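Student: predicted structure and sequence below. I'll ask about it afterward.
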Amino acid sequence: MSHSLEQALDYRFLDASLLLTALTHRSYGLPHNERLEFLGDSVLNAVVARQLYERFPRIPEGDMSRLRANLVRQDSLHKLALSLSLGDHLKLGEGELKSGGASRPSILADALEAVFGAVWLDGGFDGVSRVITRLYEGLFADIAPGKPIKDAKSLLQEYLQGRRQPLPKYVLAGTDGEAHAQLFTVVCEIDCLRLKTEGQGGSRRAAEQAAAEKALEKLHANG
């Protein structure tokens with residue numbers, strides 16, 4: 001296996017089979033990465049929680065919970081996976097490959113969690129903590145402790161209410177994939193502004209948040 005992913009992670013596996021399993025989607029065959037994803041999700045939450053606790057001693061528990069939820073959500077993991085070119089290393093079944101699974105946000109986010117799980121088994125908590133902390137350094141640096149912590153849907157609602165405009169509508173445009181790994185597509189419609197944006201996520205709520213985030217970006221770009 002190419003060492004380029006290990007170089008991007010700044011981590012060298014002692015047991016290369018763990019990384020191979022982490023990169024294997026269930027559509028490809030056994031062993032696949034879902035059990036490692038379970039481990040990775042747990043350790044990611046623990047590492048991010050510890051970093052928030054240590055870096056921001058004055059942030060209350062409720063805000064830390066919201067920050068952690070933001071940092072470990074699919075969109076954040078997807079962006080980090082793209083920075084690692086993780087899709088280039090995935091092993092996917094023919095159907096997933098043809099349907100663009102290597103760039104699907106849910107598959108990339110899940111695979112990155114599986115990689116974290118693999119590093120945990122291979123190098124212990126200290127090893128995976130170093131990997132996650134380095135990857136998340138930019139996201140931690142962007143946190144402004146005094147800034148209100150709100151999700152994209154709440155911010156969009158406030159933006160429109162502040163201008164006395166009707167609230168957006170969220171319409172489910174479609175779902176793709178099997179029940180255990182569905183991809184939801186939602187359209188955010190702001191009729192008064194003739195604005196439509198589309199978001200995708202592993203749940204309807206995540207897709208709505210992604211669509212709202214894109215709507216905010218367009219609104220701010222247009223002044």
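Tutor: Yep, it's here. Being a predicted model, the structure only gives us computed values, none of them experimental.
Student: can you give me the helices in this protein?
Tutor: In the chain, the helices defined using DSSP state H lie at 4-9, 16-22, 34-55, 61-72, 74-83, 94-98, 105-135, 137-141, 152-162, 204-221.
Student: can you pull the buried residues of the first one?
Tutor: Read that as helix 4-9. Using 16 or more other Cβ atoms under 10 Å as the test for burial, helix 4-9 gives L5, L9. Bear in mind the C-beta positions are built from the backbone N, C-alpha and C, glycine included.
Student: which residues sit against it?
Tutor: 12-13, 19, 23, 83-86, 89, 115, 119, 131, 135 (Cβ atoms under 8 Å, 6 or more residues apart in numbering).
Student: please name the nearest non-neighbouring residue to L14.
Tutor: D122 (5.6 Å; Cβ to Cβ, 6 or more residues apart in numbering).
Student: meant to ask about L183
Tutor: Closest to L183 by Cβ to Cβ, 6+ apart is D176, at 4.6 Å.
Student: repeat for N70
Tutor: For N70, the closest residue by Cβ to Cβ, 6+ apart turns out to be S76, at 6.8 Å.
Student: partners of V171 in the sheet?
Tutor: Under DSSP bridges, the beta-bridge partners of V171 are V187.
Student: OK, contacts around it?
Tutor: By Cβ under 8 Å, 6+ apart, the contact set of V171 is V186, V187, E189.
Student: format those residues as TSV; extra columns: neighbour count, pLDDT and distance to P57.
Tutor: What follows is those, written out as TSV (neighbours: other Cβ atoms under 10 Å; pLDDT from 0 to 100; distance: Cβ to Cβ, whole Å):
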residue	neighbour count	pLDDT	distance to P57
V186	25	96	37
V187	18	96	42
E189	15	95	42
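Student: mind giving me the domain ranges of the chain?
Tutor: 4-141, 152-221 (automatic domain parsing).
Student: how close does the residue nearest to L183 get to L108?
Tutor: Using Cβ to Cβ, to the nearest Å, D176 is found at 15 Å from L108.
Student: same question for K218.
Tutor: If you go by Cβ to Cβ, the gap between K218 and L108 works out to 24 Å.
Student: looking at those two, which is more packed in?
Tutor: L108 (23 against 13; other Cβ atoms under 10 Å).
Student: might one say that the more buried one is in contact with L77?
Tutor: Yes. In this structure, L108 is within contact of L77 by Cβ atoms under 8 Å, at 7.3 Å.
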